[in-house]
Each structure stands twice: as C-alpha cells, then as structure tokens.
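*Asks:* model this:
(one chain, ligands or ions: 2)
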Amino acid sequence: MTRADPTREPRPVPRRLESISLRIRTVRAVGRCECLGECGRGTHTGRCPNLNGQPAYGPGSKVVLTVAHLDHTPENSDPANDEYLGVEGFLCSSRA
Ligand SMILES: [Zn+2]
Ligand SMILES: [Zn+2]
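*Replies:* Ligands and ions are numbered 1, 2, ... in the order given. Prediction:
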C-alpha cells in the first residue's frame, strides 16, 4: 500500500482516547464510516455506506472502522466535544 501524504492523513488515536474512540464509533457513527466524500475517491456520494465488520462495497474486503484526528492535533482529547475526531473505514482513511 502506498503511504498517503502525511500532512493530509489523519493520525491514529492515542491509547488514552480509546474510550472516546469506542463511543463515537458505536454511538455517534453507529458503526458506519463517516466520510462524506473527503476521501476524494469519488466512489460514494453523500455518506459512505461502509459498515464496520461488513464487506466493503467495491473491493469487498472487511470494513474496520478507525478513529482519527481530523484536525491533525493528537493532543486534543476532550470527551465532551468530539468533533475533532472522525470515524472512517480503511478505504476512506487511506487516501493514497
Ligand atoms: Zn470516503
Ligand atoms: Zn468510507
């Protein structure tokens, strides 16, 4: 896999954010990729249909949702305002 541009690629979430991460993946995103086309792949209009643990549309590989800092600021860890975190499947987060 080609490594995406590090200035654009969301950073992985640190361990201390794991409880927030779990909550927004299951409660806020309801197990669904939150990409609204930011990935630039052009394969979905509106919100991405990929669901965690389900085969991805297109390639059919299993979707694994990850949470990443959209603002590229890993220091952010406010549990009350989680808008700085985004939930995306592998395909949308790897913007090769
Ligand atoms: Zn996408
Ligand atoms: Zn997606």
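
*Asks:* mean confidence for the lengthiest helix in the chain?
*Replies:* If you go by DSSP state H, the chain has its longest helix at helix 18-23. What helix 18-23 shows for mean pLDDT is 92.

*Asks:* contact partners of it?
*Replies:* 13, 67, 77, 79, 82, 85 (C-beta atoms under 8 Å, 6 or more residues apart in numbering). Backbone N, C-alpha and C define where each C-beta goes, glycine included.

*Asks:* just checking, next helix/strand downstream of the helix or strand where the second one lies?
*Replies:* When elements are assigned from DSSP states H and E, Val67 belongs to strand 66-69. Scanning the chain past strand 66-69 towards its C-terminal end, the next helix or strand to appear is strand 85-88 (assignment: DSSP H and E).

*Asks:* so what does that next one touch, helix or strand wise?
*Replies:* strand 66-69 (3 or more C-beta pairs under 8 Å, 6 or more residues apart in numbering; DSSP states H and E).

*Asks:* The strand it packs on pairs with which strands, and in what direction?
*Replies:* Using DSSP bridges, the strands paired with strand 66-69 are strand 11-12 (antiparallel), strand 85-88 (antiparallel).

*Asks:* Comparing those by mean pLDDT, which bottoms out?
*Replies:* Among the strands paired with strand 66-69, strand 11-12 carries the lowest mean pLDDT (a mean of 67).

*Asks:* Report the backbone C-alpha coordinates of stretch 75-89 in PDB.
*Replies:* These are the backbone C-alpha positions of stretch 75-89, laid out as PDB (Å, rounded to 0.1, in the frame of the first residue of the first chain):
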ATOM      1  CA  GLU A  75      -3.200  16.500  21.900                       C
ATOM      2  CA  ASN A  76      -7.000  17.000  21.600                       C
ATOM      3  CA  SER A  77      -8.800  14.700  23.900                       C
ATOM      4  CA  ASP A  78     -11.900  16.500  25.100                       C
ATOM      5  CA  PRO A  79     -14.600  13.800  25.600                       C
ATOM      6  CA  ALA A  80     -17.400  16.400  25.600                       C
ATOM      7  CA  ASN A  81     -16.700  17.800  22.200                       C
ATOM      8  CA  ASP A  82     -15.600  15.000  19.900                       C
ATOM      9  CA  GLU A  83     -15.900  16.800  16.600                       C
ATOM     10  CA  TYR A  84     -12.200  16.800  16.200                       C
ATOM     11  CA  LEU A  85     -12.400  13.000  15.700                       C
ATOM     12  CA  GLY A  86     -13.600  11.300  12.600                       C
ATOM     13  CA  VAL A  87     -14.700   7.700  12.100                       C
ATOM     14  CA  GLU A  88     -13.600   6.200   8.800                       C
ATOM     15  CA  GLY A  89     -13.100   2.800   7.300                       C
END
